[in-house]
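# below are the sequence and a predicted model; questions follow.
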Amino acid sequence: MKPVINRLDARDDGFPATLRRLLAFEAGEDAHIEQAVAGILQNVRERGDAAVLEYTAEFDRLQAATMQDLEITPDECAAALSALEPARRTALEAAAHRVRIYHERQRTESWQYEEADGTVLGQKITPMDRVGLYVPGGKAAYPSSVLMNAIPAKVAGVAEVIMVTPTPDGVRNPLVLAAAAVAGVDRVVAIGGAQAVGALAYGTESIAAVDKIVGPGNAYVAAAKRRVFGTVGIDMVAGPSEILIICDGSTPADWIAMDLFSQAEHDELAQAILLCPDADFLEQVQASIERLLPTMPRADILRKSLADRGALIHVRDLDEAVAIANDIAPEHLEISTENASELAAQIRHAGAIFLGRFSSEALGDYCAGPNHVLPTARTARFSSPLGVYDFQKRSSIIQVSRAGAITLGAIAAELADGEGLPAHAQSARYRLNSKT
Ligand SMILES: NC(=O)c1ccc[n+]([C@@H]2O[C@H](COP(=O)([O-])OP(=O)(O)OC[C@H]3O[C@@H](n4cnc5c(N)ncnc54)[C@H](O)[C@@H]3O)[C@@H](O)[C@H]2O)c1
Ligand SMILES: N[C@H](CO)Cc1c[nH]c[nH+]1
Ligand SMILES: [Zn+2]
């Protein structure tokens, strides 16, 4: 019988290859998904709303006669907020407040400086005009992702924020709508998958093309975002969720098992891995997993995720755990050890780092404050959490004084001669001896 979760030992000769296989799925492109997504995008580009309506009927089992039927109005979002049970509303608003406070610190301002000869150089920061937010909705609804996407966009000053989210079988999640109202989303459309990404990127009769598409999603959404990059900006590839835990064996085994579940329950393709030097503790965690799993409402997803992509890994020591963590570059890293800060200092690649046994990853998903839209599939080696900076652009400012043109003109003309670009050289030289 297949074990409930893979058991590996970093001492084994075959360990590096086995680990690579475990991590590989998503990093390697799935040819079937790529082909399907290419077809969907082309169809949406050519046929606009008609294609979006057809795919929405096919994939979300939602028959709509017109795109108007898929529009979720601001009044409907406001009504959903008003109708929330008080405790839910308080929690939603508290989370939004904490996410806003955190992200306000990320805002960057324009700057400039003046040189002695009067030349002014600087950097001007401007928000994007119109962005598209992808809020997943296939296997679960994600009100928290509404906050995580929309609040940084609004803090950055984006003028128009369009949110897309699938509503399978036409069921609109009230908490998602309420979150859109709390976060100040301008427009919500009930579409998802690659067709929604295509609509935002290329524009359709009913949806104006956006400048950038951000937000997490499944493998279809991730593939679509990769493909439209260049036509629009994208934030990153935020695909199926991942958690990597380094534990010294001193945290209750049930806590660790549930932390692994917390990400595995997102998706069969999600990944949950534990690194620990204590063999007895790994046995205890496996026992917790086996005992708790049948009690979990999303047991089917958990079972597949843990068996296909999950692992309990016996490491020589915590230093080896750190080295493996840097290689995996996980979306979420929990350091559940006594000396969490010391280990964290050695971590170079991770989307978010949770220190100490009380920092459960789930708190970061909802309300700690930092963004939960994070790079997956080892892209934390070069990507960062979604943030205000994703919605701001930088323009360079160059205002050269008459004296500055003499200094800079000599340098530029010399280099332009060296490059064999005479118009550049002459353009700079005109200003060297200017009488005007
Ligand atoms: N990294 C992050 O920051 C983060 C945050 C939240 C969620 N997530 C991840 O987002 C994902 C959400 O996935 P989801 O499925 O629940 O919602 P989703 O909205 O991403 O995907 C649903 C859509 O997928 C498309 N689709 C499904 N099957 C298809 C098929 N056979 N052919 C073509 N299109 C198809 C449909 O259009 C459907 O509307 C999960 O993997 C979760 O782990 C990641
Ligand atoms: N863990 C997800 C990011 O990978 C975010 C999320 C939303 N709701 C619950 N979890
Ligand atoms: Zn989560």
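Sure thing, it's come through. Ligands and ions are numbered 1, 2, ... in the order given.

# quick one: which helix or strand includes the closest residue to ligand 2 within the stretch 251-400 of the chain?
When scored by C-beta to the nearest ligand atom, the stretch 251-400 of the chain has Asp365 as its residue closest to ligand 2, at 3.6 Å. Yep, even glycine has a C-beta here, placed from its N, CA and C like the rest. Counting by DSSP states H and E, the element that carries Asp365 is helix 361-366.

# my guess is Arg11 contacts Arg316, does it?
Yes - Arg11 lies in contact with Arg316 (C-beta atoms under 8 Å); the separation is 6.7 Å.

# okay, now the unreliable bits of the protein?
25-29, 436 (pLDDT under 70).

# correct me if wrong: Asp248 contacts Asp278.
Yes - contact status for Asp248 versus Asp278: in contact at 7.0 Å, counting by C-beta under 8 Å.

# apart from its chain neighbours, what residue comes closest to Ala65?
Leu53 (7.9 Å; C-beta to C-beta, 6 or more residues apart in numbering).

# gap between the closest residue to ligand 1 within the chain and Pro252?
The chain approaches ligand 1 most closely through Gly193 (2.0 Å), counting by C-beta to the nearest ligand atom. Distance, Gly193 to Pro252, by C-beta to C-beta, to the nearest Å: 39 Å.

# more neighbours: those two, which one.
More crowded of Gly193 and Pro252, by other C-beta atoms under 10 Å: Gly193, with 27 against 13.

# next one: the more buried one from ligand 2, what distance?
Gly193 is 18 Å from ligand 2, where distance means C-beta to the nearest ligand atom, to the nearest Å.

# wait, what's in contact with the residue of the chain closest to ligand 1?
40, 55, 59-60, 138, 166, 217-218, 220-221, 224 (C-beta atoms under 8 Å, 6 or more residues apart in numbering).

# tell me the buried residues in stretch 291-298?
Buried positions in stretch 291-298, judged by neighbour count with 16 or more other C-beta atoms under 10 Å: 292-293, 298.

# just to revisit the earlier point, list the buried residues for the helix holding Asp365?
Buried, per 16+ other C-beta under 10 Å, within helix 361-366: 361-362, 364-366.

# swap in stretch 211-230?
Buried residues in stretch 211-230 (16+ other C-beta under 10 Å): 211-225, 227-228.

# so what touches stretch 247-255?
256, 274-278, 280-281, 284-285, 287-288, 292, 318, 334, 336-338, 357, 360.

# could you flag which of the residues you listed are buried?
Counted by 16+ other C-beta under 10 Å, the contacts of stretch 247-255 give 256, 274-277, 281, 284-285, 288, 292, 318, 334, 336-337, 357, 360 as buried.

# farthest-separated two in those residues?
Leu292 and Leu318 (25.7 Å; C-beta to C-beta).

# which strands or helices does the host helix or strand of His32 pack on?
Per DSSP H and E, His32 falls inside helix 31-47. On a contact count with 3 or more C-beta pairs under 8 Å, 6 or more residues apart in numbering; DSSP states H and E, helix 31-47 meets helix 49-60, helix 193-202, helix 219-228.

# format the ones you listed as a markdown table; extra columns: distance to Pro3.
Output for the helices and strands packed on helix 31-47, formatted as a markdown table (distance: least, C-beta to C-beta, whole Å):
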| stretch | distance to Pro3 |
| --- | --- |
| helix 49-60 | 33 |
| helix 193-202 | 33 |
| helix 219-228 | 25 |
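
# how about the helices in the stretch 151-300 of the chain?
174-183, 193-202, 219-228, 253-264, 279-292, 299-309 (DSSP state H, counting those that start in this stretch).

# tell me which of those helices is the most buried.
Most buried of the helices of the stretch 151-300 of the chain, by mean neighbour count (mean count of other C-beta atoms under 10 Å): helix 193-202, with a mean of 28.

# to the chain's geometric centre, what's the distance from it?
When distances are taken as C-alpha atoms, centre = their mean, to the nearest Å, helix 193-202 is centred 17 Å away from the chain's centroid.

# likewise stretch 274-287?
Worked out by C-alpha atoms, centre = their mean, stretch 274-287 lies 30 Å from the chain centre.

# hang on, the earlier thing: of all the contacts of Gly193, which comes closest to ligand 2?
Gly217 (10.8 Å).

# next up, the contacts around the closest one.
Contacts of Gly217 by C-beta under 8 Å, 6+ apart are 134, 136, 192-193, 197, 225, 238-239.

# can you tell me which of those residues is nearest ligand 2?
So of the contacts of Gly217, ranked by how close each gets to ligand 2 (C-beta to the nearest ligand atom), first place is Ala238, at 7.2 Å.

# pull the contacting residues for the nearest residue to the closest one once chain neighbours are set aside.
Once flanking residues are discounted, Ala238 sits nearest to Pro216: 3.7 Å by C-beta to C-beta, 6+ apart. Residues near Pro216 by C-beta under 8 Å, 6+ apart: 134, 136, 142, 145, 238-239, 373.

# what parts of this structure come near ligand 1?
Contact residues (C-beta under 6 Å from any ligand atom) of the chain with ligand 1: 36, 59-60, 136-140, 142, 145, 166, 192-194, 216-218, 220-221, 238, 240-241, 266-267, 270, 331, 372-374, 376.
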